[in-house]
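Novice: Prediction below, plus the sequence it came from.
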Amino acid sequence: MYTKDRHSHMLKSYASEKEKERKRNLLSKIASSVDTYGNGTTGYMVKEGPNAGKVLKHIKVDKNTL
């Protein structure tokens, strides 16, 4: 009796892990990436909202330190 319960538990856990992995892979394929280095910047330009047109996380190098 114990082995039957053990095997059914193993099969259920394996099936649920495979389903989670399948969903994770599907979501990663659907997600679109951020357009980095677009518009000549190393940051992300906000397209909508009150901060539209601003560049976030822009890496700026001071010319005097070069």
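Specialist: Sure thing, it's come through. Residues are numbered from 1 along each chain as shown.

Novice: least trustworthy helix or strand in the protein by mean pLDDT?
Specialist: strand 44-45 (a mean of 76; mean pLDDT, DSSP states H and E).

Novice: so what does that strand touch, helix or strand wise?
Specialist: strand 55-56 (3 or more CB pairs under 8 Å, 6 or more residues apart in numbering; DSSP states H and E). No exception for glycine: its C-beta is placed from N, CA and C like everyone else's.

Novice: helices or strands next to the strand it packs on in the packing?
Specialist: By 3+ CB pairs under 8 Å, 6+ apart, strand 55-56 packs against strand 44-45.

Novice: Give me the distance from the strand it packs on to the chain's centre.
Specialist: Averaged C-alpha coordinates place strand 44-45 at 17 Å from its chain's average position (CA atoms, centre = their mean, to the nearest Å).

Novice: go on, stretch 49-62?
Specialist: 21 Å.

Novice: partner strands of the least confident helix or strand of the chain, parallel or antiparallel?
Specialist: Strand partners for strand 44-45, identified by DSSP bridges, are recorded as strand 55-56 (antiparallel).

Novice: any idea of the mean pLDDT for the strand it pairs with?
Specialist: Strand 55-56 shows a mean pLDDT of 78.
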